[in-house]
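> Sequence plus predicted model, see below.
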Amino acid sequence: MNDRPPSDVTVATGPPTELGPDTAVASSPVTASDSGFVVDSGVEQLVADWESSGSPAALSEYLPDTAAIRRAALVELIKVDLEYRWLRSGQPKRLADYCLEFPELLAEPLPAGLLYEEFRVRRDSGDKVEADDYLKTYPTQANRFEGLLTLDSHRQPRTSEPTVGDAFDVGARLEDFELVRELGRGAFARVFLARQHSMQRWVALKISRNVGTEPQTMAQLDHPYIVRVFDQRLLEERQLRLLFMEYVPGGTLLDVVRLVRATPPDKRSGQLLLDSIDRVLDEKGEMRPEDSSVRSEIAALSWPETVAWIGLRLADALEYACKHGVLHRDIKPANVLLGVEGVPKLADFNVSSSDNVATPGAAGFVGGSVAYMSPEQLEACDPDAARTAGDLDTRSDIYALGVLLWELLTGSRPFSDGEAGEATPSPHVLLESRRRGVDLEQNPLPDGCPAALRRVLVKSLAPDREDRWSSGRKLARQFALCLDPHARDLVDPTPGSRRATMWRYAPAIGLAAIGIPNLLAAGYNYYYNKVLIISALPAEAQENLEQVHLIIGGVAFPLGAVLILYWCRLSITVPRGLSQGRTYSSGILGKARAATLTLGHRAVVVSFALWLVAGVAYPIALQITAGGIPLRAYTQVLASLAVCGAVAVAYPFFILTFYAVRCLLPILLSHGELRSSDCRGIRSLARSMPRYLAVAAAVPLIGVAGLSFVGGDPSDAVNATVRALCLGGIFAFIGVYQLFRRIESDLRALERVVRIEVPGAPAGRRR
């Protein structure tokens, strides 16, 4: 037999004696002990061997050889062995004998749960035994032993049956429930499809020992992507609990993973998910749904999109559970059920933790499946590590979800440490593997996987939890991004493409986008005023005004460049730094995103402010050098400056905004987390664009209006200048209108992602 547990078997550590003698689930049986890393696979084999042979077995044959879990596994094996020896076979054996056979038991004080198990089986077998003897012999464990004794004092002696529910079978009537079909079983629980007669409905009925807080935990959760618990009933005389919950007939994601492994990558699509569900329905004799819009939606998806579709819903379920103080701690394919339409539902909260359900002794209890555990969860399972179960948060569940989705996408897990059903390395080996992170060369994703999904999964599996998505909501936004072709291509451009490398030219593009329109405006202003005003002045005044033009231009352009670069520095430096591998705090990234969304606005504010200054300085210079000019000439100057101001505002804004949204913002979004503040920034930018578009449309109109202030018949030069302005303004408006439409489309795509509405989620959960 394997000397280590399968990698997808649920394990648990911590002090279980306060939680009850066993903690187990139907789909993933689990037990816990005072001191170690315990799995139930050896226990199941021992039970099977006892049942088949009826003779004692050598317990060493069932023990894993990993030091971190051997002693704890031994404790669980002894509990089963005690039960069979004292209550079934008449071949009693005392703990002292086990200690002689396995000296490692004495490396630490014997667990109180083990002591109590010996006391219980001796008592139930008719042996004369006193609890005081144990309290005196084992004073260190006396308090816990006494607590177990008190907990069990009101109950009848346990039945000698080691597997819960063996007395029940299909067709039996159990209180209000008729057992129709067995859905699954473990060492300590069985799940049946049952008909509840009083309510005339089908339910999944889980029969287990009355320990743990799974019903209380799940009763807090009412979410479309979490299996709903209806109620529980207790059979006190049998020490059993009947937990009846929503029946989800479409199998589990484990069924889908198996089908993925058997299907070539180029043959996988959303239809594969539906095929897996239909196979399970056919096996159960269930009817397939017809005319389902959800199934039609899934069938049209590529396989990576299908994985993102599932991930979106499970991430929303994690966010909901986290908001209610619940951590699942055992996310794996077998614990995600599928409805007939493909909707995933998170199930099996047997080893979860809850802030709202008090569980004595649960502070040190942690469980899960080692292949899906985060590094910090593996550390919490090690009794010698400083990390405890209380240190875990939703980022640990996000890590497990990342492993699950990677396996669903590729058919294999992101770490080469044993597939489902195979022996897995020790927790220490697993921990070292997880700390190194994902090796994309050894575990590549399919060629057709979008860059966005690759990025989301890799970040979910970051060794340091500070580098992962910090909440289910933010992860859900990323999966929504993966499902929106426009948004995902915008945020994650094809590596090596021109757009993916345009960040390198941010300063040059920014200065050109601002400088060229402003230079053209300055040229128009100079020529217009020279023809209409300056040419009529004395030669000395003309020379002085030429110098004024040079001085104003020589000061304004460098000053504007410095002010714009400083005000927009985060929009340029942070994307460049991220592309070169630097890291920034979430605060800096948030400020950089805000600066990038307002890049065009900030630049034109500076430009327009300088034109306003010029609008004041130039008439003053005219007054000083020319000794005053006619009022009509002042009006012409102001009309010319208005045209220049409009040019300086409209055209640079759209060029810079297009560049920012297309080339800079995607880098910031791909390295950070989408937040609600981003939605406000996107909306604000979208609202401001029509105003700038109106300014661009006004450029030729302002130029034509300026002719009305020219006295008499305007010269041919003036007419030519205005015609050139109008013609150029019309073509420029056509160009900026095209940019306007492209930017508007991009912003709508990003807003759809940031304002994610998870289908089926309660109205209060949409954001």
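Looks like it came in fine.
> pLDDT weak spots in the stretch 651-767 of the chain?
The model of the stretch 651-767 of the chain has pLDDT under 70 over residues 703-719, 721, 757, 759-767.
> Centroid-nearest residue for the protein?
Leu475 (2.4 Å; Cα atoms, centre = their mean).
> So that residue belongs to a helix, correct?
Yes. Using DSSP: H, G, I helix; E, B strand; the rest coil, the assignment for Leu475 is a helix.
> Just to check, it is in contact with Ser460?
Yes. The pair Leu475 and Ser460 qualifies as a contact (Cβ atoms under 8 Å) at a distance of 6.8 Å. Heads up, the C-betas are built off the backbone N, CA and C, glycines and all.
> Mutual contacts of the two, please.
Ile398, Leu401, Trp469 (Cβ atoms under 8 Å, 6 or more residues apart in numbering).
> Ramachandran coordinates for the second one?
According to degrees, to the nearest 10, the main-chain angles of Leu401 amount to phi -60, psi -40.
> Could you measure from the nearest residue to it once chain neighbours are set aside over to Ser369?
Nearest non-adjacent residue to Leu401, counting by Cβ to Cβ, 6 or more residues apart in numbering: Ile331, 5.5 Å away. Distance, Ile331 to Ser369, using Cβ to Cβ, to the nearest Å: 8 Å.
> before we move on, back to that, quick one: which of the shared contacts of Leu475 and Ser460 is nearest to Gly270?
Within these, proximity to Gly270 (Cβ to Cβ) peaks at Leu401, which comes in at 19.4 Å.
> show me the contacts for the closest one.
Per Cβ under 8 Å, 6+ apart, neighbours of Leu401: Gly311, Leu314, Ala315, Leu318, Ile331, Ser460, Leu475.
> if I read this right, the fifth one contacts Ala400, doesn't it?
Yes. Because the distance of 3.9 Å satisfies Cβ under 8 Å, Ile331 is recorded as touching Ala400.
> what residues are shared contacts of the two?
Tyr372.
> Not counting sequence-adjacent ones, nearest residue to Arg675?
Arg675 sits nearest to Gly590 (Cβ to Cβ, 6+ apart), 6.8 Å away.
> Distance from whatever helix or strand Arg741 lives in to the middle of the chain?
Element membership for Arg741, per DSSP states H and E: helix 716-754. Computed by Cα atoms, centre = their mean, to the nearest Å, the chain-centroid distance of helix 716-754 equals 39 Å.
> can you check stretch 650-669 too?
Distance, stretch centre to chain centre, for stretch 650-669: 27 Å (Cα atoms, centre = their mean).
> Contacts only, for the residue nearest to Phe119 when sequence neighbours are not counted.
The shortest distance from Phe119 to any non-neighbouring residue, by Cβ to Cβ, 6+ apart, is to Tyr134 (5.6 Å). Contact partners of Tyr134, counting by Cβ under 8 Å, 6+ apart, are Leu115, Tyr116, Phe119, Ala142, Phe145.
> Pull the most distant pair out of these.
Phe119 and Ala142 (12.4 Å).
> More neighbours: which of the two?
Remark: of Phe119 and Ala142, Phe119 carries more neighbours, 20 against 17, as counted by other Cβ atoms under 10 Å.
> The more buried one: what's it in contact with?
Counting by Cβ under 8 Å, 6+ apart, Phe119 has contacts Val129, Ala131, Tyr134, Phe145, Leu149.
> okay, now the domains of the protein?
25-152, 173-245, 253-483, 500-754 (automatic domain parsing).
> Flag whichever of those has the least confidence on average.
Sorting the domains of the chain by mean pLDDT places domain 25-152 lowest, at a mean of 73.
> neighbours around the residue lying closest to Leu59 once chain neighbours are set aside, how many?
Closest residue to Leu59 in three dimensions, ignoring its sequence neighbours and counting by Cβ to Cβ, 6+ apart: Leu77, at 5.1 Å. Neighbour count of Leu77, defined by other Cβ under 10 Å: 23.
> Give me the three-state assignment for Asp222.
Criterion first, three-state DSSP; result for Asp222: coil.
> which strands and helices sit next to the strand or helix carrying the residue nearest to Arg675?
Following DSSP H and E, one finds Gly590 within helix 586-597. Judged by 3 or more Cβ pairs under 8 Å, 6 or more residues apart in numbering; DSSP states H and E, the packing partners of helix 586-597 are helix 569-579, helix 665-671, helix 676-707.
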